[in-house]
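> next one to model:
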Amino acid sequence: MATIPINVETREVVHCRFCKLIQFRTSNLLCRRCHRPLEVEAPVRLGPVPVDHHLVESSAAAGLKVAGLVKEIRRARHLSQRQVAGRMQVPRTYISKIENGKAIPTLSSLERLAAALGVDVRQLIGDARSRRDEEVASILADPLLAEIAASLPRLEPLHRSLLLGAVLDMATGRRRTA
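Prediction:
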């Protein structure tokens with residue numbers, strides 16, 4: 001297993017009393033969102049955080065999966081990175097970083113990205129449940145398969161295995177001898 005070095009500093013977390021954003025203390029003591037002065041009287045100190053390397057690796061894999069899907073969908077819709085960025089109201093470089101796996105978008109960014117690409121958020125994250133639902137829907141779109149699927153719960157296990165054997169024999173062209 002690879003070791004991932006992470007530098008965790010002690011940083012001050014402050015709360016903007018105007019826009020309510022909770023953020024790390026900035027060098028100029030201004031809020032990142034509303035640019036008003038931050039209150040720094042009672043900062044909360046964050047100490048070293050134990051890192052679960054499996055979580056970091058799975059997060060990186062998920063980020064690369066999103067990156068590939070974003071690029072694929074954007075190209076399929078004949079959109080440039082600049083057009084998607086304009087729709088999201090972010091810099092073009094942010095879209096580039098997402099597509100190259102150098103930035104993992106937040107949930108709100110994913111929602112805006114999905115809207116900019118004209119897709120559902122589930123398509124971008126491609127979770128197993130949504131893929132399974134799509135596969136089931138495509139299978140049940142065939143009337144014959146839908147009728148067989150509706151009848152399966154009423155079959156005994158022996159009849160199910162006989163049905164499967166018969167279908168496989170027909171698909172491979174073998175003949176059963178009785």
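
> distance of Ala85 from Gly118?
Distance, Ala85 to Gly118, using Cβ to Cβ, to the nearest Å: 15 Å. From N, CA and C alone the C-beta is placed, and that goes for glycine too.

> more neighbours, the two?
For Ala85 versus Gly118, the count of surrounding residues by other Cβ atoms under 10 Å is larger for Ala85: 20 against 11.

> residues touching that one, list them.
Residues in contact with Ala85 (Cβ atoms under 8 Å, 6 or more residues apart in numbering) are Pro91, Arg92, Tyr94, Ile95.

> which of those sit farthest apart?
Pro91 and Ile95 (8.0 Å; Cβ to Cβ).

> the more surrounded of these two?
Higher neighbour count among Pro91 and Ile95: Ile95, with 27 against 12, using other Cβ under 10 Å.

> which SS class is Glu12?
strand (DSSP: H, G, I helix; E, B strand; the rest coil).

> show me what it is bridged to.
Judged by DSSP bridges, the bridge partners of Glu12 are Arg45.

> where in the chain is pLDDT low?
Along the chain, the model assigns pLDDT under 70 to residues 1-10, 40-63, 126-131, 175-178.

> spatially central residue in this protein, please.
The centroid of the chain falls nearest to Ile125 when counting by Cα atoms, centre = their mean (2.3 Å).

> hmm, Gly68 and it touching each other?
No. Applying Cβ atoms under 8 Å, one finds Ile125 not in contact with Gly68, separated by 12.0 Å.

> before we move on, the earlier item: how much space between the residue nearest to the centre of the chain and Val13?
28 Å.
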